[in-house]
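> Quick one: sequence plus predicted model below, questions after.
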Amino acid sequence: MEDQESFQYGATGGAADKREPKLLVSEEAEEETASILQLEDEAGDSLFGDEYDDHKAQSLHVRRFDWHKSLMAALSSEKFDSLLKMFPDFYGCKSHMAAFVLLRELLDTAAVPYQHYKVVALGTGRSCCSEWLRYNGTMVHDCHAIIIARRALKRFLYKQLLLFFDADPKAKKNSVFERSADGPQLQLKPKTSLHLYTNQCPEGAANSFYFKDRVNTWTTVKLLYHSEGVLVPVPNLDQSVWGAKVCCMSGSDKLCRWTVTGLQGALLSHFIQPLYISSMVLAREKLLNEEVSEHTNRRLGDGWEDILPPSYKKHNIFCLYGDYVGPSSSTSKQHENLSINWCLGDKDVEVLDRGKGFVIAGSPCVSGPGFSSRLCKRALYSYFRRVAELSEQSYLLDLPTYRSVKVEAVVYQKVKDLVKQRFLSNHAGSWISKELVDVFSS
């Protein structure tokens with residue numbers, strides 16, 4: 001059952017209180033949603049519109065951003081707390097948390113526009129798997145919070161695709177997707193955007209500042225890999241370790257790549273247009289947030305308009321510094337080795353042992369064979385095949401392996417290659433992919 005809990009902030013009076021934010025909570029609330037009422041001024045400018053020159057408009061814009069970042073932190077925190085209410089032993093995992101929030105502009109009963117926030121995916125974690133590579137798609141390699149939240153988001157998107165392609169018209173209406181006039185891929189419904197909250201700096205970004213060339217700005221920042229618990233610049237990566245053990249690109253490097261490729265990845269690109277992060281609320285210091293913003297948005301440079309295929313773009317993430325929400329007490333070693341995931345529609349959280357990349361025996365949700373996660377490649381591949389069948393794209397079902405499906409996403413792979421080439425031309429190093437771990441079948 002979806003909950004009915006909602007926040008309403010009146011910007012200019014009207015349906016909400018004219019001075020103070022009003023919180024409306026139903027007795028049966030199970031899931032947080034939020035609304036900021038009347039966030040457009042008389043000129044029709046929205047929360048994430050163009051920059052303002054007028055001082056009064058700038059002041060209003062600042063207040064809106066303050067609401068936005070505070071609301072993002074509050075909703076992410078409340079969602080985590082509600083999910084862990086019955087499982088307090090895992091509460092310390094909140095120290096490294098990230099959440100994706102879907103923002104939609106809707107109309108109330110008086111036809112007044114308001115902005116509706118809903119947490120749709122959440123992840124926690126602070127490290128990568130340290131095991132030997134597996135080649136059957138059942139191990140989750142990277143258990144950092146942002147990466148786990150993104151994998152949970154992909155699972156949410158598959159659920160939304162299943163709604164869209166359902167034979168029941170009511171199910172289709174409830175999906176966040178709609179047909180696009182630009183091609184066969186679906187798009188988000190109008191005035192819908194994705195936003196990210198994280199209470200920790202993305203792994204790699206803070207370290208990269210020490211490699212930053214103050215003369216050439218971001219052109220000399222190296223790509224960083226997680227290798228055996230250590231962040232290593234690409235030129236220093238031990239090839240023997242890379243070929244046998246789990247090594248992952250840093251979260252900050254992945255965040256940078258997503259500004260061009262989008263969040264959806266290769267498999268979802270068969271069904272939907274690229275999805276970009278509109279804003280990121282980063283807890284902690286304002287100065288660090290500014291550095292992360294530059295690191296994320298400037299490293300790949302400009303000039304993308306003429307080389308990217310339709311529907312792709314260089315989409316800078318609007319970065320805001322916000323409140324830290326985390327556990328009230330220090331975390332234990334146990335929590336450092338755990339990773340939690342959830343997406344909208346899940347009854348319970350799933351808890352992984354980050355060192356092994358598999359679900360722990362005491363997890364509230366254990367659904368995959370052999371304690372494999374619902375976020376592992378094989379599980380998401382199963383979702384992909386169900387969507388391919390419902391959407392009557394049978395040729396995708398004929399492709400023999402997970403890897404072949406990724407390669408078949410030709411446009412996405414072209415964009416990904418352009419990003420790799422840009423990193424190389426900026427002397428950041430090679431973005432190395434492990435193709436053998438993807439060569440498994442259903």
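Now that the structure is in, tell me what you want to look at.

> Please list the residues outside stretch 348-360 that contact it.
Residues outside stretch 348-360 that contact it (CB atoms under 8 Å, 6 or more residues apart in numbering) are 83-84, 87, 90, 93, 125-131, 138-141, 143, 246, 337-342, 362-368, 370-376. C-beta coordinates here come from the backbone N, C-alpha and C atoms, glycine included.

> Out of those, list just those in helices.
Among those, the residues falling in helices (DSSP state H) are residue 83.

> Buried ones among the contacts of stretch 348-360?
83-84, 87, 90, 93, 125-129, 138-141, 143, 246, 337-342, 363-366, 368, 371-376 (16 or more other CB atoms under 10 Å).

> Inside strands: which ones of those residues?
Counting by DSSP state E, the part of the buried ones among the contacts of stretch 348-360 found in strands is 126-128, 143, 338-342.

> which phi and psi does the nearest residue to residue 254 once chain neighbours are set aside have?
In this structure, residue 254 finds its nearest non-sequential neighbour in residue 147, 6.8 Å apart by CB to CB, 6 or more residues apart in numbering. Residue 147 adopts backbone torsions of phi -70, psi -40, taken as degrees, to the nearest 10.

> what's the neighbour count on residue 147?
Neighbourhood size, residue 147 [other CB atoms under 10 Å]: 26.

> of the ones in strands among the buried ones among the contacts of stretch 348-360, closest to residue 103?
The shortest approach to residue 103 among these belongs to residue 342, at 18.9 Å (CB to CB).

> so the closest one sits right up against residue 151, yeah?
No: using CB atoms under 8 Å, residue 342 is not in contact with residue 151; the gap is 11.2 Å.

> Low-confidence stretches in the chain?
By pLDDT under 70, the weakly predicted segments of the chain are 1-62, 205-220, 330-333.

> is it true that residue 372 touches residue 138?
Yes: using CB under 8 Å, residue 372 makes contact with residue 138 at a distance of 4.0 Å.

> Return every residue with contacts to both of the two.
Residues touching both residue 372 and residue 138 (CB under 8 Å, 6+ apart) are 358, 378.

> quick one on the thing from earlier: got any residues that touch both of residue 342 and residue 151?
The contact lists of residue 342 and residue 151 share residue 123, where a contact means CB under 8 Å, 6+ apart.

> Dihedrals phi and psi, residue 368?
Torsion angles, degrees, to the nearest 10, at residue 368: phi -90, psi 150.

> ok, now the one 5 residues further on?
Residue 373 has phi and psi values of phi -80, psi 150 when expressed as degrees, to the nearest 10.

> residues contacting it?
Neighbouring residues of residue 373 by CB under 8 Å, 6+ apart: 140, 341, 350, 352, 357-359, 379.

> and the gap between the residue lying closest to residue 352 once chain neighbours are set aside and residue 319?
Setting aside the residues directly before and after it, residue 352 is nearest to residue 339 in space (CB to CB, 6+ apart), at 4.4 Å. According to CB to CB, to the nearest Å, residue 339 stands 24 Å off from residue 319.

> thinking again about what came up before, please identify which pair of the ones in strands among the buried ones among the contacts of stretch 348-360 lies farthest apart.
Across those, the longest distance by CB to CB is 20.1 Å; it joins 128 and 342.

> The residue lying closest to residue 377 once chain neighbours are set aside and residue 316: what is the separation?
Using CB to CB, 6+ apart and skipping residues adjacent in sequence, the residue nearest residue 377 is residue 137, 3.8 Å away. Relative to residue 316, residue 137 is positioned 33 Å away (CB to CB).

> Give me the more crowded residue out of these two.
residue 137 (22 against 15).

> residues in contact with the more buried one?
Taking CB under 8 Å, 6+ apart as the test, what residue 137 contacts is 376-378, 381, 402, 437-438, 440.

> Same question for residue 103.
115-117, 192-195, 278.

> residue nearest the centroid of this protein?
Central residue of the chain (CA atoms, centre = their mean): residue 150, 3.6 Å from the mean position.

> Ramachandran coordinates for it?
Note on residue 150: its backbone torsions stand at phi -70, psi -40 [degrees, to the nearest 10].

> ok, it - contacts?
Shown in contact with residue 150 (CB under 8 Å, 6+ apart): 100, 121, 123, 263.

> element containing the second one?
What it means is residue 121. Residue 121 belongs to strand 113-124 when elements are defined using DSSP states H and E.

> Against which helices or strands is that strand packed?
The contact analysis (3 or more CB pairs under 8 Å, 6 or more residues apart in numbering; DSSP states H and E) places strand 113-124 against strand 6-10, strand 33-37, helix 55-83, strand 97-107, helix 145-164, strand 338-343.

> Mind giving me the packing neighbours of the longest one?
The one in question is helix 55-83. Helix 55-83 packs on strand 6-10, strand 33-37, strand 97-107, strand 113-124, strand 192-198, strand 277-283, strand 318-322, going by 3+ CB pairs under 8 Å, 6+ apart.

> repeat that with 6 Å
strand 33-37, strand 113-124, strand 318-322 (3 or more CB pairs under 6 Å, 6 or more residues apart in numbering; DSSP states H and E).

> Point out the most buried one among the ones you listed.
Comparing the helices and strands packed on helix 55-83 by mean neighbour count (mean count of other CB atoms under 10 Å), strand 113-124 comes out on top with a mean of 24.

> Adjacent strands (with direction) for that one?
Strand pairing for strand 113-124, determined by DSSP bridges: strand 33-37 (antiparallel), strand 97-107 (antiparallel), strand 338-343 (antiparallel).

> Just the angle for it relative to strand 192-198, thanks.
Following axes from the mean of the first three to the mean of the last three CA atoms, to 10 degrees, one obtains 40 degrees for the angle between strand 113-124 and strand 192-198.

> Tell me how far strand 113-124 lies from the chain's centre.
12 Å (CA atoms, centre = their mean, to the nearest Å).

> ok and it relative to helix 55-83, angle-wise?
Per the same axes, to 10 degrees, the angle that strand 113-124 makes with helix 55-83 is 50 degrees.

> burial of residue 369, as a residue count?
A count of neighbours around residue 369, defined by other CB under 10 Å, yields 8.

> List the contacts of the residue nearest to it when sequence neighbours are not counted.
Distance criterion CB to CB, 6+ apart; nearest residue to residue 369, sequence neighbours excluded, is residue 138 at 7.9 Å. Taking CB atoms under 6 Å, 6 or more residues apart in numbering, we find residue 138 in contact with 372, 376, 378.

> same thing with residue 182?
Taking CB under 6 Å, 6+ apart as the definition, residue 182 has no contacts.
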